[in-house]
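Trainee: okay, predicted coordinates and the sequence, questions at the end:
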Number of protein chains: 2
Amino acid sequence: MKDVAHRAGVGLKTVSRVVNGEPGVLPDTEQRVREAITALGFRRNDSARTLRKGRTATVGLVLEDLADPFYGPLSRAVEEAARGHGALLLAGSSDEDPVREQELTLALCARRVDGLVIVPASDDHRYLEPEIAAGVATVFVDRPAGLLDADTVLTDNLAGAKEATAHLIAHGHRRIGFVGDQPQIHTTTERLRGYREAMAAADLPVRAEWTALGTTDPGRVEHALRAMLAGPDPVTALFTGNNRVTATAARLLAGHPRPTALVGFDDLELGELLDPPLTVVAQDAALLGRTAAELLFNRLAGGAAAPRRVVLPAGLIPRGSGELPPHS
Amino acid sequence: MKDVAHRAGVGLKTVSRVVNGEPGVLPDTEQRVREAITALGFRRNDSARTLRKGRTATVGLVLEDLADPFYGPLSRAVEEAARGHGALLLAGSSDEDPVREQELTLALCARRVDGLVIVPASDDHRYLEPEIAAGVATVFVDRPAGLLDADTVLTDNLAGAKEATAHLIAHGHRRIGFVGDQPQIHTTTERLRGYREAMAAADLPVRAEWTALGTTDPGRVEHALRAMLAGPDPVTALFTGNNRVTATAARLLAGHPRPTALVGFDDLELGELLDPPLTVVAQDAALLGRTAAELLFNRLAGGAAAPRRVVLPAGLIPRGSGELPPHS
DNA sequence: CTGAAAGCGCTTACAG
DNA sequence: CTGAAAGCGCTTACAG
C-alpha cells in the first residue's frame, strides 16, 4: 500500500479510501491510485485490516468429522450464513476427542474468530469462559455445552427415539435391541433414554444384553448386533442410534437369515432403495446448522443477553424395514 | 501483551519469549510472567503474530459444495495434512459458479492463506497468476486449472469411463446411454470421451439421444433418463457420470418395469445393498485430497520448481447392476 | 479533498 | 538473561 501511495504520489490514507470505496476522492486522484494498484498488482491484506478493525469476519466450525456425510449439510448451512455476513469459515474435526476439540477450538480463538459453532466432543467447556467473556459468540449444536451456559441448538432426540421405539412396539415387537454410539455423547444417552422410556411405557422389560453402546467402528457394531441376534431369545427388532450404526446394521441384516425389523436414527442416502426400504427417524442437519448460525450472528449483532436453547423436531419416516412383523 | 509485561515488570520481548517457549529466560522471571498471563487471562493473538511472521498457517479449500458427500473425505484429508503442519483450514463452496469460485478464492488470498487447494468451477484461472507469483502454493484437484500451469491431482476419468462402458459392452449391451453432469466440467467431458471411445472400440454407434449432459438436479436427470428408456429402441444399459446422477438413476430404475443395467461413476454409501447391488467405477476421494495436500506442502517447503501433475486410478467394482444382461 | 501520526498486537534485529 | 526500537500492512482520529 505504501508502494502504491508512493507511485501514485498520494498519501497512504488516500489509497485506503480508494481501496475501500470511501467517498471524498477526486476522480482524477482515484484514477492515478487505480493505475498504481494495477501496475503493482496490489491486493489489500485483509489480515492486517482485520487486526486493526477488531473483527476478523471469520467463523470457526468444530465438528466431529468433516468426512461424515451427516455434517455436510450442517457445514454448508453455516457457510452460507457466514457468507451472507461477509465472513469466511474456518473448519475442523475433533474426532470425538475432547483434547482435540479443545486444542482446535482454542486455536480458532487465538485466530480471533468472531464466532464459534461447536458440535462438542467434551463434557466440560469452562475453558471457553474467558473467550466468551472476551466477546466470541459461541453456539453449541447437536449436543449441549458442558458446565457452561451458552446458545444451543438441539434435535429432540428423546422424542425421536421414543417414536422409533414405540413404532416397533406398535408393530408387535417385544424384544427390541438398541445399538448406539459412545455413551459419553449426549445424543447417545438421549436416544437410549427414549428407547427405555418407550419400552417402559409399554410395560416391556429391557434386558441388559439388548443395549450396546460404543464406537461406530463397523467391527464393534457388527459384534454387538450378532450377539443380540443370536441365542435362544434373539431380538426381533433393532433401533440403531445413528447413521453409521444404521449402515452397518443394514449390511448385516441384508445377509441375515431371519427378517429383523430396523429403525435407524438419521436418514441415509438411498435408504429408500434398500430391501426392505429403510425406516428412519430423520433430523434436518441443514436446519440445525442454519439455526445455529442465526443465533451466532444474532448475538454478534448485539442481541440476546440470556443464552437461548432451540430444540428442533425429528420425525419418523416409515418405509418398510420398521414395519416388518416379529419373526415367530 | 503490553499489560502482561507491565504487570510482570518485564519488557515486551520477555513475554514473547515465555509465550513462545523460547530459551533464555530465568525461571524466576518466567514465573512472574506466567502469573501475569493467568491473572489477566492473556491469550496470544495469532492474527497479529502471522502478520509479522509472513505466514498465516492457513490453507484455503475451494470446492463445489461442502454438503456433497463426495467432498467430505477429500476435505478431511486436506484438513489432516494441514493439521500435521500446524495449519488451519479455511473452506468454502463455489456452487459450480465461476464467479463465486473467483470471489471466494480471492477472498482467501486476501487473507493471505499460505496455500490453496481448488476444485475448479471456472475454466480460466489466470486471475491467480499474481497470487501464485506472490508465493501462494496452489494445487488443483479433481479437475485441471484453466489457462494456467499449476500442480494438479486428477483421477483417470477417461480410463475409468472406458472401463465402465466396456464392461457393459462385454455383458452384451449395444445401446448404452450416458447421463452426465454439466458439459463445462472437465470430469464430465473426460467421462463422456471414455464412453465414446469404448463404444467406438467395439464398433458401436452412439446416437445423439443416448447422451445427456446437464445439471445434477434430480428433475433434469430423471427427464433425461426417461427419454432414453422410452421409445421403440430404448437403451438397455446406463452409464451415469457422477454420484448424484447415479443416485437418481438408481431411484428411477428401482421403479422401472424393464431391468436396465447400470454402472455409476463414484461409489455410493449402501450401493452394495441395492437390488441389484450397484456396480460402480470408484475413485478414492480421500487419496485425492491427501495427494493434493502433499503437493501443496511440498511446494511450501520450497520443493518442485515445475508444476506436477498426478493422475490416480479409478477402478471398477462389479456388484450386480452392471452385469445385468440386455433385456430382449 | 487529502495526508501525517498513532496504533492494532505481535516479532525481528539489535544492543547491552 | 533482558529490553527498546522498528516494522508487519492496514485503519482511526485528526488536522488542514
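Mentor: Everything's here; your move. Source: prediction; values computed, not measured.

Trainee: the strands in chain A, which residues?
Mentor: A:58-63, A:88-93, A:115-118, A:137-141, A:151-155, A:176-180, A:211-213, A:237-240, A:261-265, A:279-282, A:309-312, A:315-317 (DSSP state E).

Trainee: save those as TSV, and put in mean neighbour count and mean pLDDT too.
Mentor: The way it works is simple: take the backbone N, C-alpha and C, and place the C-beta from them, glycine included. What follows is those, written out as TSV (neighbours: other CB atoms under 10 Å in any protein chain shown; pLDDT from 0 to 100):
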stretch	mean neighbour count	mean pLDDT
strand A:58-63	26	98
strand A:88-93	26	98
strand A:115-118	28	98
strand A:137-141	26	97
strand A:151-155	24	98
strand A:176-180	27	98
strand A:211-213	19	98
strand A:237-240	29	98
strand A:261-265	28	98
strand A:279-282	25	98
strand A:309-312	14	98
strand A:315-317	15	98
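
Trainee: mind checking those for the one nearest to chain B?
Mentor: For those, the distance to chain B is smallest for strand A:88-93, at 5.2 Å, taking CB to the nearest CB.

Trainee: what does the closest one rub up against?
Mentor: A:57-67, A:75, A:78-79, A:82, A:100, A:104, A:108, A:111, A:113, B:58, B:75-76, B:79, B:83, B:88-92, B:107-108, B:111 (CB atoms under 8 Å, 6 or more residues apart in numbering or on different chains).

Trainee: try 6 Å this time
Mentor: Strand A:88-93 is touched from outside by A:58-62, A:65-66, A:79, A:82, A:104, A:108, B:88-91, with contacts defined as CB atoms under 6 Å, 6 or more residues apart in numbering or on different chains.

Trainee: what does stretch A:189-205 give?
Mentor: A:157-158, A:161-162, A:165-166, A:169, A:174, A:178, A:180, A:206, A:239, A:241, A:265.

Trainee: for stretch A:4-15, same thing?
Mentor: So stretch A:4-15 is contacted by A:Met1, A:Arg32, A:Val33, A:Ala36, A:Ile37, A:Leu40, A:Phe42 (CB under 6 Å, 6+ apart).

Trainee: that one near DNA strand D at all?
Mentor: Yes. Judged by CB under 7 Å from any atom of the strand, stretch A:4-15 and DNA strand D are in contact via A:Leu12, A:Lys13.

Trainee: what average pLDDT does that stretch get?
Mentor: Mean per-residue pLDDT for stretch A:4-15: 91.

Trainee: and that stretch, C-alpha only, in CSV?
Mentor: Presented in CSV, the C-alpha positions along stretch A:4-15 are these (Å, rounded to 0.1, in the frame of the first residue of the first chain):
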residue,chain,number,x,y,z
VAL,A,4,1.0,2.3,-4.3
ALA,A,5,0.8,5.6,-2.4
HIS,A,6,4.3,6.4,-3.5
ARG,A,7,3.8,5.6,-7.1
ALA,A,8,0.5,7.5,-7.3
GLY,A,9,2.1,10.4,-5.5
VAL,A,10,-0.6,10.4,-2.8
GLY,A,11,-0.8,9.6,0.9
LEU,A,12,-1.5,6.2,2.5
LYS,A,13,-5.0,7.2,3.5
THR,A,14,-6.0,8.1,0.0
VAL,A,15,-5.1,4.7,-1.2
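
Trainee: if I look at A:Arg191, how far off is B:Ala81?
Mentor: 34 Å (CB to CB, to the nearest Å).

Trainee: who has more neighbours out of these two?
Mentor: A:Arg191 (30 against 21; other CB atoms under 10 Å in any protein chain shown).

Trainee: leaving out sequence neighbours, find the closest residue to that one.
Mentor: Leaving aside its sequence neighbours, A:Arg191 sits nearest to A:Ala161 (CB to CB, 6 or more residues apart in numbering or on different chains; 4.0 Å).

Trainee: which residues touch that neighbour?
Mentor: A:Arg191, A:Gly194, A:Tyr195 are the contacts of A:Ala161 under CB under 6 Å, 6+ apart.

Trainee: between those, which sits nearest B:Asp233?
Mentor: A:Arg191 (52.1 Å; CB to CB).

Trainee: A:His171: what's it in contact with?
Mentor: A:Glu323 are the contacts of A:His171 under CB under 6 Å, 6+ apart.

Trainee: from DNA strand D, how far out is it?
Mentor: Using CB to the nearest atom of the strand, to the nearest Å, A:His171 is found at 63 Å from DNA strand D.

Trainee: same deal with A:Thr260?
Mentor: 63 Å.

Trainee: identify the bridge partners of the nearest residue to A:Val310 once chain neighbours are set aside.
Mentor: Computed as CB to CB, 6+ apart, the closest residue to A:Val310 that is not its neighbour in sequence is A:Val153, at 4.8 Å. Counting by DSSP bridges, A:Val153 forms beta bridges with A:Val141, A:Val310.

Trainee: A:Val153 reaches A:Ala293, doesn't it?
Mentor: No. If you go by CB atoms under 6 Å, A:Val153 and A:Ala293 don't touch, sitting 9.4 Å apart.

Trainee: who are the contact partners of the closest residue to A:Leu295 other than its chain neighbours?
Mentor: Excluding its sequence neighbours, the residue lying closest to A:Leu295 (CB to CB, 6+ apart) is A:Asp151, at 4.5 Å. Listed by CB under 6 Å, 6+ apart, the contact set of A:Asp151 reads A:Val139, A:Leu295, A:Pro307, A:Arg308.

Trainee: for those residues, which one is nearest B:Leu274?
Mentor: For the contacts of A:Asp151, the nearest to B:Leu274 is A:Val139 (38.0 Å; CB to CB).

Trainee: residues in contact with that closest one?
Mentor: Contacts of A:Val139 (CB under 6 Å, 6+ apart): A:Val117, A:Asp151, A:Ala292, A:Leu295, A:Leu296.

Trainee: and it, how far from DNA strand D?
Mentor: The value you get for A:Val139 to DNA strand D, if CB to the nearest atom of the strand is used, is 26 Å.

Trainee: output the set of residues of chain A in proximity to DNA strand C.
Mentor: Counting by CB under 7 Å from any atom of the strand, the residues of chain A that sit close to DNA strand C are A:9-14, A:17, A:23-26, A:28-30, A:48, A:51-52.
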